[in-house]
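[1] have a look; sequence and predicted model below, questions after that.
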Amino acid sequence: MDFFLQLLVNGLSVGLLYGLSAMGFVMVFKSSSVLNFAHGELLAIGAFLFLVLSTWARLPIPAAFLMTLAGCFVLGFLVERIFLRPLIGEQLIFVIMLTVGLAAIFKGLLLFVFGGNLHTYPVFLPEGLALHLGAIYVPPVYVASSLTGIIFLVLFGLFFKFSPQGIFMRSVADNQRAALSLGVHVKKVFALSWAIAALVAGMSGIVLGIINGISVHEISAIGLKVFPVVILGGLDSIGGAIIGGIIIGLLEAFTGGYISPSLRDVVPYIVLVFILLIKPYGLFGLVEIERV
Amino acid sequence: MNSDLLLQLNNISVVYSDVIQVLKGVSLSVESNRIISLLGSNGAGKTTTLKAISGLLKPENGKVTDGSVLFDGATIQNAAPEEITRRGIIQVLEGREPFKYLTIEENLKVGTATRWMKPYRKDLDMVYDYFPSLVKRRKTLAGYCSGGELQMLVMGRALMAHPKLLLLDEPSLGLAPLVVKEIFRIIRRINREQGTTIVLVEQNANMALQIAHYGYVMENGKIVMEGAAEDLRENPDVREFYLGMGAGGTSRSYKDIKSYRRRKRWL
């Protein structure tokens, strides 16, 4: 029983991160219909940026964390500005191939600078953050990741629901022509969704780096798990991305714990295939509102 | 020439995808605080004319290749819609196009995009005053509202932007006659109370000419006739081809006249 609960807690906190990073992916898809194959690399960039700032530049951890997030935000913004904006109006396949190219460039650059070895952050999370729930021990990383995950989800939820920019972003995702006719800056919305996507991806990258250590291949492979997550949750549903993330996180934890650790990384893709066969729109994919 | 000229189209041509010419030299002028109605059969180029004004040609790969569009003294042809909307031109698209997954009130808030960060409480009240039936639906997703409510919603959404010039593309499309009446009554009220200049594209020529001050008739990408709305209503060609009445004023029966004998005089 304790073992089960332990796996449950681990799965939930990792799943929350998957969900958060998938949320960024879904936002880009919703606003501009672009599937971002460079998403995993965005996670890796976040993780390495934090590594540079915290261990090489020796900044205090909170400052390094905030600067990494700011850096990722700017990076997402620039990627849209430099690479994607010139392709607005072109066929979608070109744009998607561009993100594949970006993935290769980012990965190459990271490998060039940091090499393929495993790096680790210094231990900075205080042991006091750990939770002891009966016999279950929740390590500080998981507590911290759950906390940041929940905080970010609430913040973004409020942002989309109430802030004018959030409402504009949803309006563009809903009906781009109508948004344009009302003077919504559609290009700014694209840029903002890339920036936010890079920010949440970078944040997930940092936490996954703390949990697993940081290596380019490892983290970008984890980043690719957004695909099973969003297919499971529904490509165009932000809520679905988060729930999909949690389900995948739990599945991984339980498979790793009860069946075989080596099967762990395969399970999400098995789910991906099954979901595509049974429910191609995902659990929470938008069902078109049809007035009858 | 009138000093109150708000919008002027000088001989504009519009070409889609570099090959399909839709407008072939359209000129029209719109005075402030007026309602101008643009009539014509399907495919005459009415919607394209509106889009040439609002800048929405661009995303459809269309372009004003010739002529100029003057608004408030500035040339705006081929400008980005973000810029044109900020100058005060808002187009209400044909077929309504609400944001289906946003609530009515959120839809209205998107209307403030041209001046976000400014307070909009009063404008919401103003819109709810014009369209009282939206009030009880304010928390409903727009996708679940009726056609009449949606038409009111998209017009209200445009009003939130404080437009100087409102371009309405077929507001009566697919609505019940009573709702159409209501919509036209509100259009007239908006024009009177807000001083909003309105360009109205309509198939319902009868209703359109009742509320408009001036009208243009388009055919094949050209303006073929223009005049004060009263004159157009009396014009035998307009009566026959757009109001569905015989030249004499009685409704016509196909028995009486072989229709091919009578041709539109402007062709």
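    Looks like it came in fine. Residues are numbered from 1 along each chain as shown, chains lettered A, B, ... in the order given.
[2] could you grab the helix/strand/coil label for residue B:215?
    strand (DSSP: H, G, I helix; E, B strand; the rest coil).
[3] how far away is it from residue B:151?
    The gap separating residue B:215 from residue B:151 is 21 Å, by CB to CB, to the nearest Å. The C-beta positions use only the backbone N, C-alpha and C, and glycine is treated the same way.
[4] just residue B:52 next, same as before
    Using CB to CB, residue B:52 is found at 23 Å from residue B:151.
[5] do the same with residue A:67
    Distance of residue A:67 to residue B:151, computed by CB to CB: 50 Å.
[6] of these two, which one has the most company?
    residue B:151 (28 against 17; other CB atoms under 10 Å in any protein chain shown).
[7] give the contact list for residue B:86.
    Each residue near residue B:86 by CB atoms under 8 Å, 6 or more residues apart in numbering or on different chains is listed here: A:183, B:114.
[8] again with residue A:21
    By CB under 8 Å, 6+ apart, residue A:21 lies in contact with A:39, A:43, A:200-201, A:203-205, A:223, A:226, A:245.
[9] run the last query once more with 7 Å
    The contact partners of residue A:21, by CB atoms under 7 Å, 6 or more residues apart in numbering or on different chains, come to A:43, A:200-201, A:204, A:223, A:226.
[10] so which of those residues comes closest to residue B:4?
    residue A:200 (52.6 Å; CB to CB).
[11] that closest one sits in which helix or strand?
    Element membership for residue A:200 (DSSP states H and E) is helix A:186-212.
[12] for that helix, name the packing helices and strands.
    The contact analysis (3 or more CB pairs under 7 Å, 6 or more residues apart in numbering or on different chains; DSSP states H and E) places helix A:186-212 against helix A:2-32, helix A:39-51, helix A:61-79, helix A:140-162, helix A:164-174, helix A:176-181, helix A:216-224.
[13] thinking residue B:68 is in contact with residue B:75, fair?
    Yes: Residue B:68 lies in contact with residue B:75 (CB atoms under 7 Å); the separation is 5.3 Å.
[14] how about the residues of the stretch 51-200 of chain B by chain A?
    By CB under 7 Å from any CB of the partner chain, the residues of the stretch 51-200 of chain B that approach chain A are B:54, B:56, B:59, B:81-82, B:85-86, B:90-91, B:93, B:97, B:99-102, B:106, B:109-111, B:113-114, B:116, B:141, B:143-144, B:157, B:161.
[15] and if we set it to 8 Å?
    Contact residues, the stretch 51-200 of chain B versus chain A (CB under 8 Å from any CB of the partner chain): B:54, B:56, B:59, B:61, B:81-82, B:85-86, B:90-93, B:97-102, B:106-107, B:109-114, B:116-117, B:141, B:143-147, B:154, B:157-158, B:161.
[16] how far is the helix holding residue A:200 from where the chain is centred?
    Helix A:186-212 sits 6 Å away from the centroid of its parent chain (CA atoms, centre = their mean, to the nearest Å).
[17] quick one, it and helix A:61-79 angle?
    140 degrees (axes from the mean of the first three to the mean of the last three CA atoms, to 10 degrees).
[18] name the helices or strands packed onto the longest helix that chain B contains?
    Identified as the longest helix of chain B according to DSSP state H is helix B:177-194. If contacts are counted by 3 or more CB pairs under 8 Å, 6 or more residues apart in numbering or on different chains; DSSP states H and E, helix B:177-194 sits against strand B:35-40, helix B:121-130, helix B:147-159, strand B:197-201, helix B:205-211.
[19] closest one to residue A:190 among the ones you listed?
    helix B:147-159 (21.7 Å).
[20] mind exporting the C-alpha coordinates of that closest one to CSV?
    Coordinates of each C-alpha in helix B:147-159 appear next as CSV, following Å, rounded to 0.1, in the frame of the first residue of the first chain:
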residue,chain,number,x,y,z
GLY,B,147,-28.8,33.5,-34.8
GLY,B,148,-30.6,36.7,-33.8
GLU,B,149,-28.7,36.9,-30.6
LEU,B,150,-25.4,36.3,-32.4
GLN,B,151,-26.1,39.1,-34.9
MET,B,152,-26.8,41.4,-32.0
LEU,B,153,-23.6,40.1,-30.3
VAL,B,154,-21.3,40.8,-33.2
MET,B,155,-22.8,44.2,-33.8
GLY,B,156,-22.4,45.0,-30.1
ARG,B,157,-18.9,43.6,-30.2
ALA,B,158,-18.1,46.1,-33.0
LEU,B,159,-19.7,48.9,-31.1
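[21] look at the residue of the stretch 51-200 of chain A found nearest chain B and give its secondary structure.
    The stretch 51-200 of chain A approaches chain B most closely through residue A:183 (3.0 Å), counting by CB to the nearest CB. With three-state DSSP as the basis, residue A:183 sits in coil.
[22] got a pLDDT number for it?
    Note on residue A:183: pLDDT of 93.
[23] let's verify the residue lying closest to it once chain neighbours are set aside: helix, strand, or coil?
    In space, and not counting its chain neighbours, residue A:183 is closest to residue B:85: 3.0 Å by CB to CB, 6 or more residues apart in numbering or on different chains. For residue B:85, the assignment made with three-state DSSP gives helix.
[24] residue B:85 contacts residue A:186, correct?
    No: using CB atoms under 8 Å, residue B:85 is not in contact with residue A:186; the gap is 11.5 Å.
[25] any regions of chain A where pLDDT drops low?
    Residues of chain A meeting the criterion pLDDT under 70: A:286-292.
[26] chain B contacts on that one?
    Residues of chain A lying close to chain B by CB under 8 Å from any CB are A:89, A:164-165, A:167-168, A:170-171, A:174-186, A:286, A:289, A:291.
[27] beta partners for the residue nearest to residue B:54 when sequence neighbours are not counted?
    Distances taken as CB to CB, 6+ apart place residue B:91 nearest to residue B:54, at 3.9 Å, with adjacent residues excluded. Beta-bridge pairing for residue B:91 (DSSP bridges): residue B:167.
[28] nearest residue to residue 21 other than its sequence neighbours?
    Just going to use chain A. Once flanking residues are discounted, residue A:21 sits nearest to residue A:204: 3.8 Å by CB to CB, 6+ apart.
[29] um, chain B though
    residue B:15 (5.0 Å).
[30] and the one you found, what element?
    Assigned by DSSP H and E, residue B:15 falls within strand B:5-16.
[31] what do you get for residue A:240?
    For residue A:240, the enclosing helix or strand under DSSP H and E is helix A:238-254.
[32] quick check: angle from the next helix or strand after that helix to helix A:2-32?
    Sequence-wise, the next helix or strand downstream of helix A:238-254 (DSSP H and E) is helix A:267-278. For helix A:267-278 against helix A:2-32, the angle by the same axes, to 10 degrees is 60 degrees.
[33] CA atoms only: put helix A:267-278 into PDB for me.
    The C-alpha trace of helix A:267-278 is given here as PDB (Å, rounded to 0.1, in the frame of the first residue of the first chain):
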ATOM      1  CA  VAL A 267       4.100   3.200 -22.000                       C
ATOM      2  CA  PRO A 268       3.200   6.700 -23.100                       C
ATOM      3  CA  TYR A 269       3.600   5.800 -26.700                       C
ATOM      4  CA  ILE A 270       1.600   2.600 -26.300                       C
ATOM      5  CA  VAL A 271      -1.200   4.800 -24.900                       C
ATOM      6  CA  LEU A 272      -0.700   7.200 -27.800                       C
ATOM      7  CA  VAL A 273      -1.400   4.400 -30.300                       C
ATOM      8  CA  PHE A 274      -4.400   3.100 -28.400                       C
ATOM      9  CA  ILE A 275      -5.900   6.500 -28.000                       C
ATOM     10  CA  LEU A 276      -5.500   7.300 -31.700                       C
ATOM     11  CA  LEU A 277      -7.300   4.000 -32.500                       C
ATOM     12  CA  ILE A 278     -10.100   4.400 -30.000                       C
END
